[in-house]
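A.B. asks: can't give you the sequence, but here's the structure:
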């Protein structure tokens, strides 16, 4: 009988209703694993404009991914090139691969600035042609990781990025009200016409990622995020050091943790060797001394003998996010 690990993985039960053949764990090449994750990852935004590639994946997607995993040098360049230092740039390269090489869509434009008298009004992430009906679409994309924080005097938590300079509600409004509507501006329409591109009839948004819930303080989910979103936990470094995690000892047992660095925030981590506790302690010391939040994956050894991610946790400095704590 197969053990259901969906909750530990952050994947809700509904994610297991689809074909498990695309489970990211099975791939060894990181970029293939990240691409497989992108194919299935649920979004952090509820909108009629939401784009869900899982619904339109070709029947041979599994075979293609397996072939690329066996011989990445024969696949798209993104599989073997050095990943961009910025996660957003790497995510865009993977999205380009998803749209063109897996789905077979024509990419007409990408990262195209829209200007008015030298002033940049915005940038079109992707302008693509949907082969199902030959309609041009404008896609705005992002991958995000937010931690819920309940501020003093607030009834609902706000969801901050690890550096606390980004916030879920602000990003959502910007995507739905500004970025996805950029092709409605005459400057964008004139630009597309000058390039011989029909004005996009459909704006689309693709924003997968994770929400991290405080380990001991129960928080409600954001109103505009689908209930099936990917989840992790977060806690303060001083709580971890003081073992103030009653009832969560297994979750905070750092013995099988590994620190994740970008671009490996995407997908699910796997490795052949056992977790190195020295690496984990070095990363935790960075939280203590430099005040830098760090993301960790908690691993379990699989039947195949390798180590696979079962859950995720952010550890943040005691002053994060620079606001008064509650509780």
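C.D. replies: On my side now, so go ahead. All figures in this text were calculated on a predicted structure; none of them were measured in a lab.

A.B. asks: need phi/psi at residue 210.
C.D. replies: Per-residue torsions, residue 210: phi -130, psi 150 (degrees, to the nearest 10).

A.B. asks: any idea how many residues pack against it?
C.D. replies: Per other Cβ atoms under 10 Å, the neighbour tally for residue 210 reads 20. For the C-beta atoms, the positions are set from N, CA and C on the backbone; glycine is no exception.

A.B. asks: and if you look at residue 305?
C.D. replies: A count of neighbours around residue 305, defined by other Cβ under 10 Å, yields 7.

A.B. asks: contact partners for the closest residue to residue 291 other than its chain neighbours?
C.D. replies: Using Cβ to Cβ, 6 or more residues apart in numbering and skipping the chain neighbours, the partner closest in space to residue 291 is residue 317 (4.2 Å). Counting by Cβ atoms under 8 Å, 6 or more residues apart in numbering, residue 317 touches 236-237, 287-288, 291-293.

A.B. asks: got those residues as CSV, with secondary structure columns?
C.D. replies: CSV is the format used below for these (DSSP: H, G, I helix; E, B strand; the rest coil):
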residue, secondary structure
236, strand
237, helix
287, helix
288, helix
291, coil
292, coil
293, coil
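
A.B. asks: PyMOL command to pick out the buried ones of those residues?
C.D. replies: Applying 16 or more other Cβ atoms under 10 Å to the contacts of residue 317, the buried members can be selected in PyMOL as follows:
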select buried, resi 236+237+287+293
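
A.B. asks: quick one: buried residues of stretch 296-305?
C.D. replies: Of all the residues in stretch 296-305, those buried under the rule 16+ other Cβ under 10 Å are 296-299.

A.B. asks: please read the previous query as pertaining to stretch 162-177.
C.D. replies: 162, 164, 167-168, 171-172, 175-176.

A.B. asks: for those residues, which one is nearest residue 141?
C.D. replies: The closest of these to residue 141 turns out to be residue 175 (Cβ to Cβ; 9.3 Å).

A.B. asks: and for the closest one, nearest residue in space, chain neighbours not counted?
C.D. replies: Leaving aside its chain neighbours, residue 175 sits nearest to residue 205 (5.4 Å; criterion: Cβ to Cβ, 6+ apart).

A.B. asks: and that neighbour, how many residues sit next to it?
C.D. replies: Residue 205 sits with 22 neighbouring residues when counted by other Cβ under 10 Å.
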